[in-house]
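Undergrad: Need a 3D model of the following:
(chains A and B)
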Amino acid sequence: ELKVEQNPLFLSMQEGKNYTIYCNYSTTSDRLYWYRQDPGKSLESLFVLLSNGAVKQEGRLMASLDTKARLSTLHITAAVHDLSATYFCAVVRSGGGADGLTFGKGTHLIIQP
Amino acid sequence: EAGVAQSPRYKIIEKRQSVAFWCNPISGHATLYWYQQILGQGPKLLIQFQNNGVVDDSQLPKDRFSAERLKGVDSTLKIQPAKLEDSAVYLCASNLYGWGSQETQYFGPGTRLLVL
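TA: Take a look at the predicted model:
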């Protein structure tokens, strides 16, 4: 059974600081996604990572993927209050015709002024 | 481009009642997914359709949940009878190509269900 673990599950940080969210998964996968969810809202796609060593950046967020270690990171640079949200990583199980996502529990991020 | 549409947005029912949710994916998207998100958790896949065929329903509680996607466009998810533990947000997502696609899955706003 594919398992996805995120840590930390809760993070409170100050504006201007850097931090990293980690996502480990238990079985081989060829696609990893990062989503953002604001309270009471749906999921917004941030990144799709497709290969080992993939790195994508958008603004203050940068995501990377190490398929050998089954690890993805989401790095936040010089955090600002607007980045406060819950961040989910999700993985597609390799092989077969089904590609529904298995999600982690999410990292609840609060950025304080 | 219009996003994934879902209705109703909110629903309150009593246990043992039935309820149905509707989803209209992004135009032209072949693959449609239903997820259940319980408060404080990540979404959990219930069922995946490719056009009007079921690709994966291994996590759908088939004794009470059913879903269909007639004509390969919009979809309905039904719960009958509902239990207290079905209280959750039901999210619909769509993807242009489906399996193997490098496209992301686009999520709708969700239907919040409360079972009393």
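Undergrad: Let me see the backbone angles for A:His81.
TA: Dihedral pair for A:His81: phi -60, psi -30, per degrees, to the nearest 10.
Undergrad: what about it, distance to A:Glu15?
TA: According to C-beta to C-beta, to the nearest Å, A:His81 stands 6 Å off from A:Glu15. C-beta here means a position set from N, CA and C on the backbone, and glycine is covered the same way.
Undergrad: list residues touching both of these two?
TA: A:Ile111, A:Gln112, A:Pro113 (C-beta atoms under 8 Å, 6 or more residues apart in numbering or on different chains).
Undergrad: quick one: contacts for the residue nearest to the spatial centre of chain B?
TA: In chain B, the residue lying closest to the centroid (C-alpha atoms, centre = their mean) is B:Trp34, at 2.7 Å. By C-beta under 8 Å, 6+ apart, the contact list for B:Trp34 reads B:Cys23, B:Leu45, B:Leu46, B:Ile47, B:Ala67, B:Ser75, B:Leu77, B:Tyr90, B:Leu91, B:Cys92.
Undergrad: Then A:Phe103?
TA: A:Val4, A:Phe88, A:Cys89, A:Ala90, B:Gly42, B:Pro43, B:Lys44.
Undergrad: who's it bridged to?
TA: Applying DSSP bridges to A:Phe103 gives these bridge partners: A:Ala90.
Undergrad: Run a quick neighbour tally on residue 60.
TA: All of this refers to chain A. Per other C-beta atoms under 10 Å in any protein chain shown, the neighbour tally for A:Arg60 reads 14.
Undergrad: sorry, should have said chain B
TA: B:Leu60 has 19 neighbouring residues, counting by other C-beta under 10 Å.
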